[in-house]
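Enquirer: Fold the following, please.
(chains A and B)
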Amino acid sequence: MTTITPVRARFAPSPTGHVHLGSARTALYDYLIAKQTGGQFILRIEDTDRKRLVEGAEEELINSLHWLGIDWDEGPGKDGPYGPYRQSERKEIYQKYARELIEKDAAYYCFCTPERLSQVRQEMQKNKLPPHYDGFCRHLSKAEAEARVKAGEPHVIRFKSPKEGTTVVKDLLRGEITFENATLDDFILVKSDGWALYHLAAIVDDHLMKITHVIRGSEWLPTSPLHHLIWNALGWQEPEWVHLSVFLKPSGKGKMSKREAADLSNDGYSIFIKDLEDLGYLPEAVINWVALMGWSYDDHTEFFTLNDLVEKFSLDRLNPSPAAINFSKLDYFNKEHIKALGNEDLAARIQPFFIKAGYHADLGDLIKITPVIKERITTLDDSVEMCAFLFKDAISHDKEALIIKDKTREETLRFGSDSLEILESVSVWEPAVLEAKFTAYMEAQGLTPRELLSFLREAISGQRVTPPLFECMQVLGKERTIQRLKEALTLI
RNA sequence: GCCCCCAUCGUCUAGUGGCCCAGGACACGGCCCUCUCAAGGCCAAAACAGCGGUUCGAAUCCGCUUGGGGGCACCA
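Expert: Numbering: from 1, shown residues only, chains lettered A, B, ... in the order given. Now for the predicted structure:
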């Protein structure tokens, strides 16, 4: 590592939908590199396309970032020296620089109608050429163009891409990438409604906001030469470019489509941060998981907290190849991070899931069960299914399961009433005491734990799967445990 | 069609010319432990896409092929 200079990194989403894994990872890396160098992480809303805005998307975006624990130093709700941080509030700024580009002859007015443009595109495709603009307005005289603009003729502003030579883009993890200028298009910089497009707006903002590193998806690679050219045309020093690889669907074949995203939810998974939260994943786990998709620390360390990552992340250990999303690995990380949680913390996190399921579980009770469930649940939501019986007023039984395997109804009844007596005789209601009593009883009767305890489990919980039996009895309390066993015995 | 990117076990990856007949993790299978479910322990199976170079030596460097991915909007 050379001398560390503070990095100013920005996460610049457009509020057009849910925050997904890809953007979460980009935001994370931005945040990490900024924090690690003592720099700033900036959140900028790219909302210049007024038609695509989605109601509530910005709010969800902010919530998701907060949930993940990624906080910004400058951005909406947190003013800084380079605001405003919403592009919709910066329209005039972009127009100023668009004019500058025209004056420098690096851009030109174009009066072609959308109809003509699509016609040109079709023509190009028919001739097996890249579907680019044909340059119809590129050579209009400045005087004529200005006159038509003044006359109020609808127009856009296009960048004047060089036609010869090559443009080299330097990417931090891919090295130098060379593009033939002949393959470049004359991109639109400002639309006919006066709003700047990403290509102009992002560059102007990155410059004005003194961004030093731009981390973005590799889908931007094809337009990166244009961006390089615009930076140059404006006479500015461009930032470091980092083009991250895309995420592939779990099969590894192709990008996640709308349809596949929907199919995922049938399996209890999702690529959207909001859903992951609802599903019972920990932000710690999502962060850990997503950080490792495209980055690694060494050949064996996998468990990282956000703070670990701030300390250990580095751009030079990024991996340029696309990564397939692996949800079973997320499950694994979720288990690991749940196990790492303190009992009070875990209890507070599972409580909303109980409440959502209609159980009035109070924190005190939940804290009692967290030690025994923390290594048995994959998601926070799993705790509800596993422990619901503790919070129900009445439970129902599967009568079949109430007969001890390979024993008769009469035998079961006898073991059941003996158990009842044992329970009633216990004065110190603790797992160790209960276990000692029952172990002695089972030995005397020649019963295996599997036989008796499975029966008791069904009797007091109505479930086949629960946390360890004696712990369950403890949380249930002596009275309710006895009550439930009595009820069960009447059903045999 | 054109441009660009990528290429190690099923998946995420380690590996920057000899330490590699390739290491870790998840998932999968088996065994042990075990009151259910987990957790834990042990074991197994599993990869350098192909072909040419360069080199004393290549997973590592170069080229080609193949495969995969991304882009080609008055979206970002």
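Enquirer: residues in contact with stretch A:409-419?
Expert: A:402-404, A:407, A:438, A:441, A:445, A:447, A:452, A:455-456, A:459, A:485, A:488-489, A:492 (CB atoms under 8 Å, 6 or more residues apart in numbering). For every residue, glycine as well, the C-beta is placed using N, CA and C.
Enquirer: gap between the worst-scoring helix or strand of chain A on mean pLDDT and the chain center?
Expert: Using mean pLDDT, DSSP states H and E, helix A:258-266 stands out as the lowest-scoring helix or strand of chain A, at a mean of 81. With CA atoms, centre = their mean, to the nearest Å as the basis, helix A:258-266 stands 15 Å off its chain's centre.
Enquirer: just stretch A:41-59 next, same as before
Expert: With CA atoms, centre = their mean, you get 17 Å for stretch A:41-59.
Enquirer: for stretch A:100-109, same thing?
Expert: 40 Å.
Enquirer: hmm, back to that, would you mark the buried spots in the least confident helix or strand of chain A?
Expert: A:261, A:264 (16 or more other CB atoms under 10 Å).
Enquirer: contacts for that helix?
Expert: In contact with helix A:258-266 (CB under 8 Å, 6+ apart) are residues A:249, A:270, A:271, A:272, A:275, A:327.
Enquirer: now stretch A:435-449
Expert: Under CB under 8 Å, 6+ apart, the answer for stretch A:435-449 is A:415, A:418, A:419, A:422, A:425, A:426, A:452, A:453, A:470.
Enquirer: Just the CA atoms of the least confident helix or strand of chain A, as CSV, please.
Expert: C-alpha atoms of helix A:258-266 as CSV (Å, rounded to 0.1, in the frame of the first residue of the first chain):
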residue,chain,number,x,y,z
LYS,A,258,-37.8,-10.5,-13.1
ARG,A,259,-39.3,-13.9,-13.4
GLU,A,260,-36.4,-15.7,-11.7
ALA,A,261,-36.5,-13.1,-8.9
ALA,A,262,-40.2,-14.1,-8.4
ASP,A,263,-39.4,-17.8,-8.4
LEU,A,264,-36.8,-17.2,-5.7
SER,A,265,-39.4,-16.1,-3.3
ASN,A,266,-41.0,-19.5,-3.5
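Enquirer: how far does the helix or strand that that helix is followed by sit from the chain's center?
Expert: Counting by DSSP states H and E, the next helix or strand C-terminal to helix A:258-266 is helix A:273-279. Helix A:273-279 sits 8 Å away from the centroid of its parent chain (CA atoms, centre = their mean).
Enquirer: Is the residue nearest to residue A:363 when sequence neighbours are not counted in a helix, a strand, or coil?
Expert: Distances taken as CB to CB, 6 or more residues apart in numbering place residue A:347 nearest to residue A:363, at 5.6 Å, with adjacent residues excluded. Secondary structure, DSSP: H, G, I helix; E, B strand; the rest coil: residue A:347 is helix.
Enquirer: My guess is residue A:347 contacts residue A:362. True?
Expert: No: Residue A:347 is not in contact with residue A:362 according to CB atoms under 8 Å; the separation is 9.6 Å.
Enquirer: neighbour-wise, which of those two wins?
Expert: Per other CB atoms under 10 Å, whichever of residue A:347 and residue A:362 has more neighbours is residue A:347, with 25 against 12.
Enquirer: still on that earlier bit, please check the contacts of helix A:258-266 and keep the buried ones.
Expert: Here, 16+ other CB under 10 Å leaves A:249, A:270, A:271, A:272, A:275, A:327 buried among the contacts of helix A:258-266.
Enquirer: thinking again about what came up before, so is the least confident helix or strand of chain A next to RNA strand B?
Expert: No: counting by CB under 7 Å from any atom of the strand, RNA strand B is not contacted by helix A:258-266; separation bottoms out at 11.1 Å.
Enquirer: Name the residues of the stretch 101-250 of chain A found near RNA strand B, please.
Expert: Taking CB under 7 Å from any atom of the strand, the part of the stretch 101-250 of chain A that reaches RNA strand B is made up of A:112-114, A:117, A:121, A:125, A:128-133, A:154, A:156, A:174-175, A:177-180, A:183, A:185, A:188, A:191-193, A:195, A:197-198, A:201-202, A:218-223, A:245-246, A:248.
Enquirer: no, scratch that, I was asking about the stretch 251-400 of chain A
Expert: By CB under 7 Å from any atom of the strand, the residues of the stretch 251-400 of chain A that approach RNA strand B are A:252-255, A:292-294, A:296, A:298-300, A:302, A:316-317, A:319-324, A:326, A:328-329, A:331-332, A:335, A:375-376.
Enquirer: Buried ones only from those, please, as a ChimeraX command.
Expert: Buried subset of these, written as a ChimeraX selection, criterion 16+ other CB under 10 Å:
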select /A:292,293,294,322,323,331,332,335,376
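Enquirer: among the residues of the stretch 251-400 of chain A next to RNA strand B, which are in strands?
Expert: Applying DSSP state E to those, the entries found in strands are A:323, A:324.
Enquirer: Among the residues of the stretch 251-400 of chain A next to RNA strand B, which ones are in helices?
Expert: Here DSSP state H is the test, and these give A:328, A:329, A:331, A:332, A:335 as lying in helices.
Enquirer: Tell me the one of the residues you listed nearest residue A:10?
Expert: For those, the closest approach to residue A:10 (CB to CB) belongs to residue A:329, at 28.8 Å.
Enquirer: Run through the residues that contact that closest one.
Expert: So residue A:329 contacts residue A:289 (CB under 8 Å, 6+ apart).
Enquirer: And for the residue nearest to residue A:134 when sequence neighbours are not counted, the neighbour number?
Expert: Excluding its sequence neighbours, the residue lying closest to residue A:134 (CB to CB, 6+ apart) is residue A:120, at 5.0 Å. Using other CB under 10 Å, residue A:120 has 17 other residues around it.
Enquirer: Please apply the same query to residue A:108.
Expert: Neighbours of residue A:108 under the rule other CB under 10 Å: 22.
Enquirer: quick one: it is in a helix?
Expert: No: judged by three-state DSSP, residue A:108 forms no part of a helix; its state is strand.
Enquirer: thought it was touching residue A:158?
Expert: Yes: contact criterion CB under 8 Å: residue A:108 and residue A:158 qualify, at 5.8 Å.
Enquirer: Quick check: neighbours shared by the two?
Expert: A:137, A:138.
Enquirer: My guess is residue A:154 contacts residue A:109. True?
Expert: No: at 10.4 Å, residue A:154 does not count as touching residue A:109 under the criterion of CB under 8 Å.
Enquirer: any idea which element the residue nearest to residue A:134 lies in?
Expert: helix A:114-126.
Enquirer: Quick check: buried residues in that helix?
Expert: Going by 16+ other CB under 10 Å, helix A:114-126 has these buried residues: A:117, A:120, A:121.
Enquirer: nearest to residue A:149, of those?
Expert: Nearest to residue A:149 among the buried residues of helix A:114-126, with distances taken as CB to CB, is residue A:117, at 18.3 Å.
Enquirer: Spit out the contact partners of the closest one.
Expert: Contacts of residue A:117 (CB under 8 Å, 6+ apart): residue A:133.
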